[in-house]
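Undergrad: The following block contains a protein sequence and its predicted model.
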Amino acid sequence: MTQEFLVDFSQITLSDFEKELEQTELLPSREVLHEDLHVRFDRLRWLGLVTLADLLAELKSSQKMKDLARKSGLDEEYLAILRREVNNCQPKAVNLFEFPGIPAEAVQKLAQHGIRNTPQLFAFIQSPAERAALAAQTSVDEAVILELTHLTDVSRIRWVGANFARLLVDAGCDTVHKVMKADYASLYRRLMQINEERQYFKGKFGENDMRLTVLLAQKVPQVIVY
């Protein structure tokens, strides 16, 4: 994946991530991250770890994890789960054919040029000039390229997949910037209304999920120019 597609972990402090974990409903297999949360993160900070990049640098190999467990007094299993949770903060690639409402012919034309998912598309859509060039090169309508740009942009927010990205775009929150500035309660009501009509998203989501989505959007690099 291109670097700008990813979240910059050097810009996220352990304290910010600690607050995010505290507010997040975790899977049962990761609920251990809520236990003694502040005490454990205080130990990591005491060792001089300030950002998520610092933390991952100390967890990048089995030996380094053993060393951190010894220095911090934290269990290796806990550190392994913490590493997985941090890595899950990065956006996942979405296949372009998964986005509802995108013509299959456009997806096929892009695939013929080696562009099948959001990270691959991202490299060609960061400015109006780049999007125009891609449209000319692939014979895909520029309006479709722009629509895919919006879908790709919001899908970089953690936990936003193809269908939820479609829902956000249809609700008018079609950029990371708009999502981060949205009133989460109002956005939640709009999404519920649109989803009831169009049935894009079959999973359950609530106001708290929208609050977290708005907060998580603030961590995504805003590099696409419209």
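TA: Cool, got the structure. Numbers count the residues shown, from 1 in each chain.

Undergrad: all contacts plus neighbour counts: C-alpha atoms, from now on.
TA: Will do.

Undergrad: Can you show me the helices along this structure?
TA: 14-23, 37-46, 52-57, 62-72, 76-87, 104-112, 118-122, 128-138, 142-155, 162-170, 176-181, 184-198, 207-217 (DSSP state H).

Undergrad: For the ones you listed, give me CSV that also has distance to residue 29, mean neighbour count and mean pLDDT.
TA: Converted to CSV, these look like this (distance: least, CA to CA, whole Å; neighbours: other CA atoms under 10 Å; pLDDT from 0 to 100):
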stretch, distance to residue 29, mean neighbour count, mean pLDDT
helix 14-23, 14, 16, 91
helix 37-46, 16, 15, 97
helix 52-57, 20, 19, 96
helix 62-72, 20, 15, 96
helix 76-87, 9, 15, 95
helix 104-112, 37, 16, 98
helix 118-122, 29, 21, 96
helix 128-138, 42, 16, 98
helix 142-155, 25, 22, 98
helix 162-170, 25, 23, 96
helix 176-181, 29, 20, 97
helix 184-198, 28, 16, 95
helix 207-217, 20, 18, 90
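
Undergrad: Include distance to residue 97 when you put those helices into JSON lines, please.
TA: Listed next are the helices of the chain as JSON lines, based on distance: least, CA to CA, whole Å:
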{"stretch": "helix 14-23", "distance to residue 97": "31"}
{"stretch": "helix 37-46", "distance to residue 97": "40"}
{"stretch": "helix 52-57", "distance to residue 97": "33"}
{"stretch": "helix 62-72", "distance to residue 97": "37"}
{"stretch": "helix 76-87", "distance to residue 97": "25"}
{"stretch": "helix 104-112", "distance to residue 97": "6"}
{"stretch": "helix 118-122", "distance to residue 97": "10"}
{"stretch": "helix 128-138", "distance to residue 97": "16"}
{"stretch": "helix 142-155", "distance to residue 97": "11"}
{"stretch": "helix 162-170", "distance to residue 97": "9"}
{"stretch": "helix 176-181", "distance to residue 97": "21"}
{"stretch": "helix 184-198", "distance to residue 97": "18"}
{"stretch": "helix 207-217", "distance to residue 97": "23"}
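
Undergrad: For residue 30, find the nearest of the ones you listed.
TA: Proximity to residue 30 (CA to CA) singles out helix 76-87 among those, at 6.7 Å.

Undergrad: which secondary structure elements does the closest one contact?
TA: Where contact means 3 or more CA pairs under 8 Å, 6 or more residues apart in numbering; DSSP states H and E, helix 76-87 is packed against helix 62-72.

Undergrad: Return the alpha-carbon coordinates of the helix it packs on using CSV.
TA: Output in CSV follows, covering the C-alpha atoms of helix 62-72 (Å, rounded to 0.1, in the frame of the first residue of the first chain):
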residue,chain,number,x,y,z
SER,A,62,9.4,-12.2,18.8
GLN,A,63,12.7,-11.3,20.5
LYS,A,64,11.8,-7.6,20.8
MET,A,65,8.4,-8.6,22.3
LYS,A,66,10.1,-10.8,24.9
ASP,A,67,12.5,-7.9,25.7
LEU,A,68,9.5,-5.5,26.1
ALA,A,69,7.6,-8.0,28.3
ARG,A,70,10.7,-8.3,30.5
LYS,A,71,11.2,-4.6,30.8
SER,A,72,7.6,-3.6,31.3
